[in-house]
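Colleague: just a sequence and a predicted model for now, questions to come.
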Protein chains: 2
Amino acid sequence: MATPLPGDPRLARLSLNQRTTARWSLREAVDGCVAAGIGSIGVWREPVADTGLEAAARMIRDAGLRVSSLCRGGFFTSADRAARAAAHDDNLAALDEAAALGCDVLVLVPGGLPEGDRDIAGARDRVAEAVAALVPGARERGVRLGIEPMHPIFAADRGVISTLGQALDIAEQHPAEVVGVVVDTFHVWWEPGVLEQIARAGRRIVSYQVCEWITPLPADSLLSRGMMGDGHIDFGSLTRAVAAAGYTGDVEVEIFNADVWAAPGADVVATLARRYAEIVEPHL
Amino acid sequence: MATPLPGDPRLARLSLNQRTTARWSLREAVDGCVAAGIGSIGVWREPVADTGLEAAARMIRDAGLRVSSLCRGGFFTSADRAARAAAHDDNLAALDEAAALGCDVLVLVPGGLPEGDRDIAGARDRVAEAVAALVPGARERGVRLGIEPMHPIFAADRGVISTLGQALDIAEQHPAEVVGVVVDTFHVWWEPGVLEQIARAGRRIVSYQVCEWITPLPADSLLSRGMMGDGHIDFGSLTRAVAAAGYTGDVEVEIFNADVWAAPGADVVATLARRYAEIVEPHL
C-alpha cells in the first residue's frame, strides 16, 4: 500500500503521539504532522515545558493541529501522604496545561508499587482515592481524566490498574463527562472479555491508542511496543468495538521502541500512516 | 536466618521444581533434594526421558521422594487439526509418564497464538476443547490435569489462558477430581480479585508454585522469574489464601532465571529453602 498523502480522508482521525518520534522536538513533531497530513498530536508534558506552555500552545494552534491528549498525569500510589499531596498538585498543574493547550484529555498512568511495598490492593485503592480527589479540579477546567489500565507487565513498577474492567470500576464512581478510560491496544489486547469491557466503557473512552505486542519481547520492557501489523494484536476486533462503543475521537499511535526511535522521524510517520490506513482505519 | 537442615519440619511440604536447577541432571536433582532435606520434586518430561522413564521412577522412589508434579503437557492452541491431534496424543503419553512416576498432577501450559493468528478468543476456545478431550484419559490414569494460567506477558507465545478466573471457567466444566488449576505466584499475583479466585478454586488447586516478580524485568522474558523475597509479590496473602482454600500438597519452587541457573545448584537449593522457610512456609 502506498503511504496516504496529506488530504487523504483515511488520515482524518490519526494522531501522532509524540513518544513515537521521541527524538523529535515539539517543533519537529508539529512540522512532521503537518508534512504528513496528520491533523492531531498527543503531547507530553516534558517537551511542552521545554518549549514553554504558551509557546507550545501557539505553535500547535498555528499549525492547525488538534491535541488529542496530554500525557501524562497520575502516579498516585505513593504510600507517603506528603508525596501523594504533591502528586495531586502536580496533576492539577497538568490539568491547567491541558486546558491551556486546548486539550480535553489528561492521560493518567496509575503508578506502580512503592519501594518495598507488596500490597497491590492497597495501591489500587490509593489510585481510586486520588482520582476522586481530582474530579472537582478536572471538572472546573473542562478536562477529562483518562485512567489508563496497563499491561500486567507493568503492574509492579508503573501501573497497578491492570485491566479495563478495573479502570471502569473506578471511573464509574464519577460522571462520564469527567472520568473516563484510555484504551491502548498494547495494554488490553489479552484481557479476558475485553470486547465486552470496551462496550461497557461506551462514552467513557476518552482516548484510543494503538500499538502492537511483538515477540520476542524486546529486552527493555518499557520499550517493548511494536508497529501495528508486526505482532499479535487483532486491531480489527478491538477497533470495531471501540467504534461501536461510540468513540469518535482521534486515534493515537504511541510506540515506545528503541528501533523505532532510532529511525528517521519522517520514515516512522510514513510507516505508521500506512499501517494505520491499512489495519486500523477501515474498522473505525 | 540459617538454612533449615534436613529434618526441619518447615521443609515438610517444600518441593524443588527441576527447572530451578536447570543444569542439574535428574540424578543430581534427586541427590540435591536428599542432601538438603527436601522430600519432593517437580520433574520435567525431557530429563525423565533422558534418564528413561522406568529408571527415573525407580531413582526417585529409591530416594524416598514424592513427585509433586510433572511438567508439562498442554500446548493445545494449534489451528491445524492434525497438530492438535498430535498434541492430544502427546498429552496422553505425558499422563502415562505421570502415572509411571507415581505423580498425580500433570501441569498444562495452554500454548500461545499460532504463527500469524491473531484470534486469541479462538485459541482460548481450543484450549477448553482440548482439556475436555483429555478428561477420560486423565481419569483412567488417576492423574489430575492442572491448567496453568500464565502471566499476560506470555499470552502471545506461551499461554493464552491469562487469569486464574479463566482457568477456573474451563476447569469447572469437569469434575474437580480430574481437572484443576495450578497457582503460580509469578503468573497470578497481579490478577484483580486473585484472593477471591483462589478461594473459588478450593480443592481444584492441584499445584502451588512459588517464584518472584522482579524489576527491572530481565531481558529474556522467559527467564524473568526471581527468588522469593527479591521482588514485589506478597507471598503471605497468596499463601494464606491457598491454605484457606484447602490445599495441603507440596509447594514447588520453580524459578526460570539465567543468574539462578549459573549459580551452583546446592547454593540455589540452600537459598530457596531459607527463603521458603522465611517467607512462604509460615503462612501455610
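Modeller: Thanks, I have the structure now.
Colleague: all the strands of the stretch 1-150 of chain A, residue numbers only.
Modeller: A:14-17, A:40-44, A:66-74, A:105-109, A:144-147 (DSSP state E, counting those that start in this stretch).
Colleague: turn these into a markdown table, columns for distance to A:R118, mean neighbour count and mean pLDDT.
Modeller: Heads up, the C-betas are built off the backbone N, CA and C, glycines and all. Shown next, in a markdown table, are those (distance: least, C-beta to C-beta, whole Å; neighbours: other C-beta atoms under 10 Å in any protein chain shown; pLDDT from 0 to 100):
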| stretch | distance to A:R118 | mean neighbour count | mean pLDDT |
| --- | --- | --- | --- |
| strand A:14-17 | 32 | 29 | 98 |
| strand A:40-44 | 31 | 25 | 98 |
| strand A:66-74 | 21 | 25 | 98 |
| strand A:105-109 | 20 | 26 | 98 |
| strand A:144-147 | 23 | 27 | 98 |
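Colleague: now for chain A, the helix or strand with the poorest mean pLDDT.
Modeller: Taking mean pLDDT, DSSP states H and E as the measure, chain A has helix A:258-262 as its least confident helix or strand, at a mean of 92.
Colleague: contact partners of that one?
Modeller: Applying C-beta atoms under 8 Å, 6 or more residues apart in numbering or on different chains, the external contacts of helix A:258-262 come out as A:20-23, A:218, A:220, A:223, A:227, A:268.
Colleague: redo that, cut-off 7 Å
Modeller: Contacts to helix A:258-262, defined as C-beta atoms under 7 Å, 6 or more residues apart in numbering or on different chains, come from residues A:20, A:22-23, A:218, A:220, A:223, A:227, A:268.
Colleague: how far off centre is stretch A:4-20?
Modeller: Centroid separation for stretch A:4-20 versus its chain: 16 Å, with C-alpha atoms, centre = their mean, to the nearest Å.
Colleague: oh, I was asking about stretch A:171-178
Modeller: Computed by C-alpha atoms, centre = their mean, the chain-centroid distance of stretch A:171-178 equals 18 Å.
Colleague: near chain B at all, that stretch?
Modeller: No: Stretch A:171-178 is not in contact with chain B by C-beta under 7 Å from any C-beta of the partner chain; minimum separation 14.6 Å.
Colleague: quick one, what contacts the residue in the stretch 1-150 of chain A positioned nearest to chain B?
Modeller: Using C-beta to the nearest C-beta, the single residue of the stretch 1-150 of chain A nearest to chain B is A:R118, 3.9 Å away. Neighbour list for A:R118: B:232-234 [criterion: C-beta under 7 Å, 6+ apart].
Colleague: cool, A:G229 as well?
Modeller: Here A:G229 is in contact with A:212, A:275, A:279 (C-beta under 7 Å, 6+ apart).
Colleague: okay, the contacts of A:R118 in JSON lines with distance to chain A next?
Modeller: Listed next are the contacts of A:R118 as JSON lines, based on distance: C-beta to the nearest C-beta, whole Å:
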{"residue": "B:H232", "distance to chain A": "4"}
{"residue": "B:I233", "distance to chain A": "6"}
{"residue": "B:D234", "distance to chain A": "4"}
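Colleague: tell me the one of those nearest A:E28?
Modeller: Taking C-beta to C-beta as the measure, A:E28 sits nearest to B:H232 out of the contacts of A:R118, at 37.9 Å.
Colleague: leaving out sequence neighbours, find the closest residue to that closest one.
Modeller: When the adjacent residues along the chain are set aside, B:H232 lies closest to A:A156, with 4.1 Å between them (C-beta to C-beta, 6 or more residues apart in numbering or on different chains).
Colleague: check the secondary structure at A:Q173 for me.
Modeller: coil (DSSP: H, G, I helix; E, B strand; the rest coil).
Colleague: what pLDDT does it get?
Modeller: Predicted confidence (pLDDT) at A:Q173: the value is 98.
Colleague: what pLDDT does the closest residue in space to it that isn't next to it in sequence get?
Modeller: Residue nearest to A:Q173 in three dimensions, not counting chain neighbours: A:A132, with 6.8 Å by C-beta to C-beta, 6+ apart. The model reports A:A132 with a pLDDT of 98.
Colleague: what's the local residue count around A:A132?
Modeller: 13 (other C-beta atoms under 10 Å in any protein chain shown).
Colleague: that one and A:A138, how far apart?
Modeller: As judged by C-beta to C-beta, to the nearest Å, A:A132 and A:A138 stand 11 Å apart.
Colleague: same check, this time on A:V182
Modeller: According to C-beta to C-beta, A:V182 and A:A138 sit 14 Å apart.
Colleague: more neighbours: which of these two?
Modeller: Between A:V182 and A:A138, A:V182 has the larger neighbour count (other C-beta under 10 Å), namely 29 against 24.
Colleague: for the more buried one, what are phi and psi?
Modeller: In terms of degrees, to the nearest 10, the main-chain angles of A:V182 are phi -100, psi 130.
Colleague: hang on, isn't it packed against A:Q209?
Modeller: Yes: look at A:V182 against A:Q209 with C-beta atoms under 7 Å: they come within range, at 6.4 Å.
Colleague: re the thing from before, centre of the chain to the least confident helix or strand of chain A, how far?
Modeller: A distance of 19 Å separates the centroid of the chain from that of helix A:258-262, by C-alpha atoms, centre = their mean.
Colleague: can I get the helix ranked longest in chain A as PDB, trimmed to CA atoms?
Modeller: In chain A, with assignment by DSSP state H, the single longest helix is helix A:120-141. What follows is helix A:120-141 as a C-alpha-only set of coordinates in PDB (Å, rounded to 0.1, in the frame of the first residue of the first chain):
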ATOM      1  CA  ILE A 120      -1.100  -4.100  45.400                       C
ATOM      2  CA  ALA A 121      -4.700  -4.000  46.600                       C
ATOM      3  CA  GLY A 122      -3.800  -1.000  48.800                       C
ATOM      4  CA  ALA A 123      -2.000   0.700  46.000                       C
ATOM      5  CA  ARG A 124      -5.100   0.200  43.800                       C
ATOM      6  CA  ASP A 125      -7.300   1.800  46.500                       C
ATOM      7  CA  ARG A 126      -5.000   4.800  46.600                       C
ATOM      8  CA  VAL A 127      -5.400   5.300  42.800                       C
ATOM      9  CA  ALA A 128      -9.200   5.300  43.200                       C
ATOM     10  CA  GLU A 129      -8.900   7.900  46.100                       C
ATOM     11  CA  ALA A 130      -6.600  10.100  44.100                       C
ATOM     12  CA  VAL A 131      -8.800  10.000  41.000                       C
ATOM     13  CA  ALA A 132     -11.800  11.000  43.200                       C
ATOM     14  CA  ALA A 133      -9.800  13.900  44.700                       C
ATOM     15  CA  LEU A 134      -9.000  15.200  41.100                       C
ATOM     16  CA  VAL A 135     -12.600  15.200  39.900                       C
ATOM     17  CA  PRO A 136     -13.500  18.800  41.000                       C
ATOM     18  CA  GLY A 137     -10.300  20.200  39.500                       C
ATOM     19  CA  ALA A 138     -10.900  18.400  36.200                       C
ATOM     20  CA  ARG A 139     -14.500  19.500  36.000                       C
ATOM     21  CA  GLU A 140     -13.600  23.100  36.700                       C
ATOM     22  CA  ARG A 141     -11.000  23.000  33.800                       C
END
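Colleague: contacts made by it with the rest, please.
Modeller: When contacts are defined by C-beta under 7 Å, 6+ apart, helix A:120-141 is touched by residues A:76-77, A:84, A:87-88, A:91-92, A:95-96, A:99, A:110-111, A:113, A:117, A:144-145, A:147, A:155, A:160-161, A:170, A:173-174, A:178-179, B:190.
Colleague: any of those residues buried? List them.
Modeller: A:76-77, A:84, A:87-88, A:91-92, A:95, A:99, A:110-111, A:113, A:144-145, A:147, A:155, A:160-161, A:170, A:174, A:178-179, B:190 (16 or more other C-beta atoms under 10 Å in any protein chain shown).
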